[in-house]
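Q: Dropping a prediction and its sequence here:
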Amino acid sequence: MTVADSATLQEARDWLRARVEDGERCPCCTQLAKVYKRKLTSAACRALIALYRECDDWGHLPTIVKKRIPDVAHQGGYMTLSGYWGLMEEERERRPDGGRAGYWRITDKGRQFLFAEITIPSRVHLYDGRVLGFDHHTTLTIQEALGQKFDYKELMDQ
């Protein structure tokens with residue numbers, strides 16, 4: 001089913017909103033609109049641990065990961081994934097060229113997670129790079145999350 005050419009913008013939005021969980025092309029711009037469900041991986045947890053071990057406040061996470069866990073240094077998602085759960089936060093100041101500086105620090109929630117004081121939802125729901133919510137039906141401890149390996153097939157099947 002598609003949206004009629006005569007549909008209003010609101011009708012197109014409503015039509016797309018009803019289909020965004022499974023993914024659908026926007027009738028206005030043809031971009032794929034989809035809610036992605038991402039899990040916290042062991043690489044993200046290892047980056048969080050490396051940041052904790054390396055510094056007390058802000059640290060340049062790409063350098064720390066390259067130094068402490070070089071086998072995941074090529075996986076860029078470890079930074080944003082931990083940020084989605086609020087386990088660490090990125091420094092907002094930009095480089096002179098406008099790019100991201102790469103400095104992160106662990107939040108209080110991140111410390112609680114590292115010390116197994118709290119569990120977190122197993123999956124984050126993302127749309128257009130923004131957090132829509134979480135899967136609160138399943139939670140993870142730090143130990144369980146460290147066992148979460150990246151699964152390309154699972155990622156592509158979403």
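A: Nice, I can see it.
Q: where's the nearest residue in space to residue 122 that is not next to it in sequence, which helix or strand?
A: Once flanking residues are discounted, residue 122 sits nearest to residue 138: 4.1 Å by C-beta to C-beta, 6 or more residues apart in numbering. For glycine as for every other residue, the C-beta is placed from the backbone atoms N, C-alpha and C. Secondary structure assignment for residue 138, by DSSP states H and E: strand 130-140.
Q: in that strand, what counts as buried?
A: 134, 140 (16 or more other C-beta atoms under 10 Å).
Q: what do you get for stretch 100-118?
A: Buried-residue list, stretch 100-118, by 16+ other C-beta under 10 Å: 103-107, 109-110, 112-114.
Q: again with stretch 47-66
A: Quick answer for stretch 47-66 (16+ other C-beta under 10 Å): 47-52, 55, 58-62, 64-65.
Q: ok, residue 64 to residue 153 distance?
A: Per C-beta to C-beta, to the nearest Å, residue 64 is found 30 Å from residue 153.
Q: same deal with residue 20?
A: 23 Å.
Q: Which one's more surrounded, these two?
A: residue 20 (16 against 6; other C-beta atoms under 10 Å).
Q: Is the more buried one part of a helix or strand, or is it coil?
A: What DSSP: H, G, I helix; E, B strand; the rest coil gives for residue 20 is coil.
Q: Surely it is in contact with residue 36?
A: No - Residue 20 lies out of contact with residue 36 (C-beta atoms under 8 Å); the separation is 10.4 Å.
Q: Would you mind listing the residues touching both of these two?
A: residue 127 (C-beta atoms under 8 Å, 6 or more residues apart in numbering).
Q: Would you point out the most distant pair within the buried residues of stretch 100-118?
A: 103 and 112 (21.6 Å; C-beta to C-beta).
Q: tell me which residues in the helix or strand encompassing residue 16 are buried?
A: Element membership for residue 16 (DSSP H and E) is helix 9-17. Using 16+ other C-beta under 10 Å as the test for burial, helix 9-17 gives 12, 15-16.
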